[in-house]
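Fold the stuff below for me.
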Amino acid sequence: MPAASLFSRRCPIIGCVHLPPLPGAPLYDGDIERVYETAFAEAKILAGAGIDGLIVENFHDTPFYPDSVPAETVAALSVIARQIAKAFNIPLGVNVLRNDAHAAVAIAVAAGAAFVRINIHMGAVVSEQGLILGKSHETLRLRAALKSRALIFADIGVKHAAPLVDRGLATDAIDAQQRGLADALIVSGTRTGQATDPGAIEAVKSASSLPVYIGSGITADNLPDYAGKIDGAIVGSYFKQDGKAANPVDPARVAALMAAARKLA
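Predicted coordinates:
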C-alpha cells in the first residue's frame, strides 16, 4: 500500500503516544500497569478527537540506546502497541528510540501496526548517543523476511542530531526514496517541539515524489501556514499540557488542532 493511501484525510495528523519509562529504563518506577493505563488513556483521547493515526514511542526511556534496545523494551512496546491497535481502528506506527529499526519492524508485525518511523534510515549522524549509522540494508531485508506490510517513514535531517557529512537534504531525500526504498519522509526542527524550517520542507518535496510529513513544531495556529506544503504532520509535544513533552495529553489542545485540520480537509 502506498503511504498516500494509508490515511483518508488530505493532510492527516498522527498523534504521538509518548510512553512513560518502560521496564529497564533508568526512570522506570516499577509500575507496569500504570504504563499500560497511561498509554491507553492518552491514545483514547487522541482517537476520540478524530486523530488520523497514532505512533507509539518509548519517548521517556532516556538516555537512549543508540541502536539495539534490550528484550524488555521490545516486550513492553509489543504489548502496548497490540493493545492500542486492537482498541482503535486507525493506522498505528511504531518508533523505537533511538534507532532500533529491527525492533520496530518486528513489533509492527506482532502488533499489526501499519508503519514504522526510522530516525536514521540511511547515512550517519552525530547525536547525543554518539555516532549512529543507518541500516536500511538490514531493515528492508528483515521486512521482506517477516512478510511485513509495514511502511517505512524515514526522517530526513533528523532532530537532535547533525549529519556526519552534510550532503544536503535534497540528496538525502533522493537516496532515501531511490536507494533506501522508504515509503514516506519526515522533516523536523532541530529539537522536539521546535518549528520546522519551510525551506527544509521545500528542499525535500522538490527532490522526492514521496509523501512528506512535518515532524515537529505544528500547532493549531500554524497548521494552515503549512497547508499545501506538507502531506501530513506528526504531533507530540503540542498535544501536551502547556505544550511540554513531559506532561500528560491535554484534550483541549488536541481538539483545537484537529479542528484546524478539519478546515483543511
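
Could you use CA atoms for every contact and neighbour count after this?
OK.

Correct me if wrong: Phe116 contacts His102.
Rather than Phe, residue 116 is Val. No - using C-alpha atoms under 8 Å as the test, Val116 is too far from His102 to be in contact (10.1 Å).

For these two, indicate the residue with more neighbours.
Neighbours per residue (other C-alpha atoms under 10 Å) separate Val116 from His102, with Val116 holding more: 25 against 21.

bridging residues for that one?
Using DSSP bridges, the beta-bridge partners of Val116 come out as Val94, Ile152.

Could you tell me what pLDDT the model assigned to it?
Listed pLDDT for Val116 reads 98.

What residues does Ala111 make contact with?
Ser78, Val79, Ala81, Arg82, Gln83, Ala85 (C-alpha atoms under 8 Å, 6 or more residues apart in numbering).

switch the cut-off to 7 Å
Contact analysis of Ala111 by C-alpha atoms under 7 Å, 6 or more residues apart in numbering lists Ser78, Ala81, Arg82, Ala85.

Doesn't the third one belong to a helix?
So the one you mean is Arg82. Yes - assessed with DSSP: H, G, I helix; E, B strand; the rest coil, Arg82 lies in a helix.

Which one (most neighbours) among the contacts of Ala111?
Neighbour counts for the contacts of Ala111, by other C-alpha under 10 Å, peak at Ala81, which reaches 28 neighbours.

Got the phi and psi for the nearest residue to that one once chain neighbours are set aside?
Distances taken as C-alpha to C-alpha, 6 or more residues apart in numbering place Ala111 nearest to Ala81, at 5.6 Å, with adjacent residues excluded. The phi/psi pair for Ala111 (degrees, to the nearest 10) reads phi -90, psi -10.

Next: Ile156.
Torsion angles, degrees, to the nearest 10, at Ile156: phi -120, psi 120.

what do you get for Gly157?
Torsion angles, degrees, to the nearest 10, at Gly157: phi 70, psi 50.

and the residue lying closest to Val109 once chain neighbours are set aside, how many neighbours?
Leaving aside its chain neighbours, Val109 sits nearest to Ser148 (6.1 Å; criterion: C-alpha to C-alpha, 6+ apart). Neighbourhood size, Ser148 [other C-alpha under 10 Å]: 19.

Wait, Ser148 touches Gly112, no?
No - the criterion here is C-alpha atoms under 7 Å, and Ser148 misses it with Gly112 at 9.2 Å.

which neighbours do the two share?
The contact sets of Ser148 and Gly112 do not overlap (C-alpha under 7 Å, 6+ apart).

how about the helices of the stretch 1-150 of the chain, start to end?
Along the stretch 1-150 of the chain, counting by DSSP state H, counting those that start in this stretch, helices occupy 32-48, 71-87, 101-111, 136-145.

Of all the residues in the shortest one, which ones are buried?
To tie it back to what came earlier, the one meant is helix 136-145. Ser136, Thr139, Leu140, Leu142, Arg143 (16 or more other C-alpha atoms under 10 Å).

Now do it against helix 101-111: the angle between them, please.
Helix 136-145 runs at 20 degrees relative to helix 101-111, counting by axes from the mean of the first three to the mean of the last three C-alpha atoms, to 10 degrees.

Name the residues that touch helix 136-145?
Residues contacting helix 136-145 (C-alpha under 7 Å, 6+ apart): Ala101, His102, Val105, His121, Met122, Gly180.

What score does Val35 have for pLDDT?
Per the predicted model, pLDDT is 97 at Val35.

Next one: it relative to Glu42, how far apart?
Separation of Val35 from Glu42 (C-alpha to C-alpha, to the nearest Å) stands at 11 Å.

what do you get for Glu202?
Distance from Glu202 to Glu42, by C-alpha to C-alpha: 33 Å.

neighbour count winner among the two?
Per other C-alpha under 10 Å, whichever of Glu202 and Glu42 has more neighbours is Glu42, with 21 against 16.
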